[in-house]
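In: Show me how the following folds:
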Amino acid sequence: MLPNSLRLPITVLIMAILAGSFPNRGDALSKEIPGWLQKHVGTADGQIAPIVLKRARALYQKKLRQGEVSNPCYMAKDATRPSTAQNGNPGRRFYVICEAQKSFRAVSSGFGNGRKLHRANFANGRQCAKNFSNAEGSKLTAGGSYVTAETRTSFKGYYRHSGKTKPFYRTFLLFDGEGETSNARERAIGGHPAVFLKWQCRFKNPQSTHADKDGYVPYGKLVNYTGGRSNGCTTWSQSASKEILALVEGNPTTLYIYPESKDINAVAKAVKQGKPLSRAGVYWNAACLQAIGAPKFWPKRTLQPIINQWRASLPKQPPLELPICR
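Out: Numbers count the residues shown, from 1 in each chain. Reported below is the predicted structural model:
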């Protein structure tokens, strides 16, 4: 079940529908969208909102015409949706669409958790994203247009699995953005499995190619945060990651992430004026909008100096030295 903060009373839902707070599916859909895909369009769990599909499709077709991609599939993400669905499972807000194969898949994905600094609080809760930014170091999601790039696989340490100590490697898919998202590489923004190794200690293993100069390797516990928050990257479950990474390896495609700054500002303006979102011509997930009140976009020019000042104020720390495993 969703937390109380995300549950809309039935009266509120009815009023929202009557007032036009949800986008009109028929008006928003292009006649070019095939019938098999139209049934996946909507605001329910597992569906894609009309504006998200419209923009994702337009980006993909543009890059096809320009010869930048030839992959038969494209991707989209709706960061306005909650982390948890009504049935308690991770909410599905990332989409893989392969029109030639008449394939549509919706899976869970994380959003940026942000930071809480003295000069600015741009942290996000676990269920819904309120804050967004394209500032480096913000750990926030930046909506807009991306094209998938190369992958990089890195060693994270050793962990215990099925009675054996095994090395853990994580593959990271880089994104190249444009416009407000053109600093995606500077921000180290990409996609990867929603799992990390929480280091606990180090042990002697000089035979390992990953051993340090003294023959030690890090050891830790795997932490799975599927459907939760991230450092601004797009994260998927381990099973979904395998399929997505295989799909784009050596065959780039487009990824459109909603919302962009213009959407965030338009929704915030509509909320302030007390206008139904449909009348203002904008979209946001209804449950999350109720939970956050109004979203906020922190432009790089505003937030970057604050982050840089915070970093400069941090005391210098000695290099991390893990204890010896016992």
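In: use CA for all of it now, contacts and neighbours both
Out: OK.
In: low pLDDT regions in this protein?
Out: Within the chain, the ranges that satisfy pLDDT under 70 run 1-31.
In: Go again with 50.
Out: The model of the chain has pLDDT under 50 over residues 1-29.
In: which helix is the longest one in it?
Out: helix 50-66 (DSSP state H).
In: Output it as CSV, nothing but the C-alphas.
Out: Below are the C-alpha coordinates for helix 50-66, written out as CSV (Å, rounded to 0.1, in the frame of the first residue of the first chain):
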residue,chain,number,x,y,z
PRO,A,50,0.7,11.1,-23.1
ILE,A,51,3.2,14.0,-23.0
VAL,A,52,6.1,11.7,-22.0
LEU,A,53,5.4,9.4,-24.9
LYS,A,54,4.9,12.3,-27.3
ARG,A,55,8.3,13.8,-26.5
ALA,A,56,10.2,10.5,-26.3
ARG,A,57,8.8,9.5,-29.6
ALA,A,58,9.6,12.9,-31.2
LEU,A,59,13.2,12.7,-29.9
TYR,A,60,13.7,9.2,-31.2
GLN,A,61,12.3,10.0,-34.6
LYS,A,62,14.5,13.1,-34.8
LYS,A,63,17.7,11.2,-34.0
LEU,A,64,16.7,8.5,-36.5
ARG,A,65,16.4,11.1,-39.3
GLN,A,66,19.7,12.6,-38.3
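In: Residues contacting the very next helix or strand once past it, please?
Out: Downstream of helix 50-66, the next assigned helix or strand under DSSP states H and E is strand 74-78. With contacts defined as C-alpha atoms under 8 Å, 6 or more residues apart in numbering, strand 74-78 is touched by 48-49, 52-53, 56-57, 60, 93-98, 253-259.
In: Residue 211 and residue 219 touch, don't they?
Out: No: look at residue 211 against residue 219 with C-alpha atoms under 8 Å: they stay out of range, at 11.4 Å.
In: any common contacting residues for those two?
Out: Residues touching both residue 211 and residue 219 by C-alpha under 8 Å, 6+ apart: none at all.
In: Which one of these two is surrounded by more residues?
Out: residue 219 (25 against 17; other C-alpha atoms under 10 Å).
In: Please list all residues in contact with the more buried one.
Out: Residue 219 touches 157, 158, 159, 199, 200, 201, 202, 203, 325, counting by C-alpha under 8 Å, 6+ apart.
In: how about a markdown table for the residues you listed, with distance to residue 89 added?
Out: Supplementary listing: these in a markdown table, determined by distance: C-alpha to C-alpha, whole Å:
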| residue | distance to residue 89 |
| --- | --- |
| 157 | 29 |
| 158 | 29 |
| 159 | 26 |
| 199 | 28 |
| 200 | 29 |
| 201 | 33 |
| 202 | 35 |
| 203 | 37 |
| 325 | 36 |
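In: Show me which of these are buried.
Out: Buried positions within the contacts of residue 219, assessed by neighbour count (16 or more other C-alpha atoms under 10 Å), are 157, 158, 159, 199, 201, 202, 203.
In: Do a quick rundown of the helices in the stretch 1-150 of the chain.
Out: 10-19, 25-28, 35-38, 50-66 (DSSP state H, counting those that start in this stretch).
In: Relative to the whole chain's centre, how far out is the longest strand seen in the chain?
Out: Scanning the chain for the longest strand, with DSSP state E as the assignment, gives strand 144-161. For strand 144-161, the distance from its own C-alpha centre to the chain's C-alpha centre is 14 Å (C-alpha atoms, centre = their mean, to the nearest Å).
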